[in-house]
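> Here's my sequence, what's the structure:
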Amino acid sequence: SFMMKYLILLLCLFSIDSVDAQFRDLELDQKITKNKSAEINGKKIDFKVITGSQALFEEKDAIASIHYTYYKKENTDLQQRPLLISFNGGPGSGSLWMHLAYKGPKILNITDEGFPIQPYGIKDNPHSVLDVADILYVNPVNTGYSRAIENEDGKLDRDKFFGVKADINYLAKWINLFISRNNRWLSPKFLIGESYGTTRVSGLALALQNQQWAYLNGVILVSPTGLGIDRNGPVSAGNKLPYFTAAAWYHDKLSDELQNLSLEKVLEKSEAFTEQKLIPGLLLGSNLSDDKKSDLAKKYSEYSGLQAEEILDQNLNVPYNYFWKNLLRSEEFTVGRLDSRYRGIDKKVAGVRPDYNAELTSWLHAFTPAANYYFQEYLGLKTDLKYKVFGNVRPWKRKNDNTGEMLRQAMAMNKNLHVMVQSGYYDGATTYYNAKYTLRHLDHSGKLSDRMELKLYKSGHMMYLRNEDLKTANNDLRDFITQSLRAAKNPAKY
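This is a model prediction of the structure:
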């Protein structure tokens, strides 16, 4: 009968969805191992690459399958060999960005300045840090090929995964299991996170110590978020300007006098004005006289490429969106959010925000085909699952984000723990000047400053897309790892 056929069809569709939820063609704890080699830093490196899934357990039940890729150099002493554990951000983003463009042995085909080019695909990365550390790339739940497992009632408990604290807690448990299964307890351990991944690894530094008794040698923050460190009000408003200056300088929108200076020299001036004049003026609020407000707007204009009148219209607090829309308005272009070197074209010149993120569409252009080819063909991880560059993790519980304080506490408790920040001048999402601010306010006592360092690059959020910065950033990372290991030879005591 029609009804019977309809019921059978529904049953088939339900079965297909259930199979998808249970990782069709990608079973729990399935993994594939390949033997590979690459020339890195002038030397041939033989290594194994293992990709697959590892279960996340709650009591005895698996509640998620976490997709990972693990690069392990051959013939090494694991007691001496560092393990670098890598996360991207979002939240809801897969780990493909740093995997296939920064420190792995293969990177995607792009131009030297980081723009997409065809044919798509991958190429060798001679700057990878695989010569000094094994690397583990992890995709949190609902990113990459990672998925949560529904309970017996067919429901998904999102609170276990999708929030600042939940994310940190389950990943700490998962890392503990990975370390045990792969005999890495004696290895020096490092975490690296990008964007929201910096929130994640800052929290993990303390969670691994306090919950899993796993101590780290280093944490690398690539394009860091605010880490829960307060900067609201006049500070938040003022902190935008140095980034505006960098983007305007790149697009030749400053005066000849400023354009003729190096970027670093221009930013010294912009930062001095921000700290000594702009933020103090903003603190006065309505008590700031009209004459002083006008003077600040004129100077703000000099350092931003915007007109003084429009700055006054914004009460000296120009929104990021307005800047991205209006910096190149006379040329009828917008500029990118995550990397303001990129330009976009909107339907209308008028408006207060760009129609789209020019840089992100460019990146997806190159990353998506490279990632799918890399896992399915180059590594042979055959699955019908969709590789989620971005997965649905909303709503994300952001309340009680104190991850900066968690990192500070982890550093205070562990004298071997060092921190390095890497930031791009042209990043408008997590700006270089806010990265400076974060480091300054992570530990007001200054007692930890000798274990913190900041590296800056003439590119954006993913500074490694620019070939010159790919080399420099990897070398900075390599030096950070080796120097942190050297420091650990001394007793961990105050």
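
> Can I take it that Lys347 is in a strand?
No. Checked against DSSP: H, G, I helix; E, B strand; the rest coil, Lys347 lies outside a strand; its state is coil.

> And the pLDDT for it?
Note on Lys347: pLDDT of 96.

> So it versus Tyr322, what's the distance?
17 Å (C-beta to C-beta, to the nearest Å). Where C-beta positions appear, they are placed from N, C-alpha and C, glycine not excepted.

> got it, and Gly218?
As judged by C-beta to C-beta, Gly218 and Tyr322 stand 38 Å apart.

> which of those two has more neighbours?
Taking Gly218 and Tyr322 together and counting by other C-beta atoms under 10 Å, Gly218 has the greater number of neighbours (26 against 18).

> so what's that one up against?
Contact partners of Gly218, counting by C-beta atoms under 8 Å, 6 or more residues apart in numbering, are 190-191, 417-420, 480-481, 484.

> Narrow those to those in helices?
480-481, 484 (DSSP state H).

> okay, the residues you listed in JSON lines with pLDDT, neighbour count and distance to Lys455 next?
As requested, the ones in helices among the contacts of Gly218 are exported to JSON lines (pLDDT from 0 to 100; neighbours: other C-beta atoms under 10 Å; distance: C-beta to C-beta, whole Å):
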{"residue": "Phe480", "pLDDT": "98", "neighbour count": "23", "distance to Lys455": "9"}
{"residue": "Ile481", "pLDDT": "98", "neighbour count": "23", "distance to Lys455": "13"}
{"residue": "Ser484", "pLDDT": "97", "neighbour count": "22", "distance to Lys455": "14"}
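
> If we only consider these, which is nearest to Ser236?
Phe480 (29.3 Å; C-beta to C-beta).

> right, and the closest one touches Val419 too?
No. The pair Phe480 / Val419 is not scored as a contact, 9.2 Å apart, by C-beta atoms under 8 Å.

> how much space between Arg408 and Asn75?
38 Å.

> Between those two, tell me which one has more neighbours.
A count of neighbours by other C-beta under 10 Å puts Arg408 above the other of Arg408 and Asn75, at 23 against 6.

> which ones are touching that one?
Here Arg408 is in contact with 442-443, 448 (criterion: C-beta under 8 Å, 6+ apart).

> Report the buried residues of stretch 370-387.
Going by neighbour count (16 or more other C-beta atoms under 10 Å), the buried part of stretch 370-387 is 370-371, 373-375, 378-379, 381, 383, 385, 387.

> what's the first-to-last distance across it?
11 Å (C-alpha to C-alpha, to the nearest Å).

> buried sites along stretch 43-61?
Buried residues in stretch 43-61, counting neighbours by 16+ other C-beta under 10 Å, are found at 45, 47, 49-56.

> Pop out the phi and psi values for Glu58.
phi -120, psi 110 (degrees, to the nearest 10).

> And the residue lying closest to it once chain neighbours are set aside, how far from Gly94?
Residue nearest to Glu58 in three dimensions, not counting chain neighbours: Lys160, with 7.6 Å by C-beta to C-beta, 6 or more residues apart in numbering. Look at Lys160 and Gly94: by C-beta to C-beta, they are 19 Å apart.

> Compare neighbour counts for the two and give me the winner.
Set Lys160 next to Gly94 and count neighbours by other C-beta under 10 Å: Gly94 wins out with 26 against 17.

> which residues touch the more buried one?
So Gly94 contacts 88, 139, 143-144, 371, 387-391 (C-beta under 8 Å, 6+ apart).

> 10 Å instead, please
Neighbour list for Gly94: 67, 87-88, 137-140, 142-146, 367, 371, 387-391 [criterion: C-beta atoms under 10 Å, 6 or more residues apart in numbering].

> Can you tell me the SS state at the closest residue to Ser37 other than its chain neighbours?
Nearest residue to Ser37, sequence neighbours excluded (C-beta to C-beta, 6+ apart): Asp46, at 4.8 Å. With three-state DSSP as the basis, the three-state label of Asp46 is strand.
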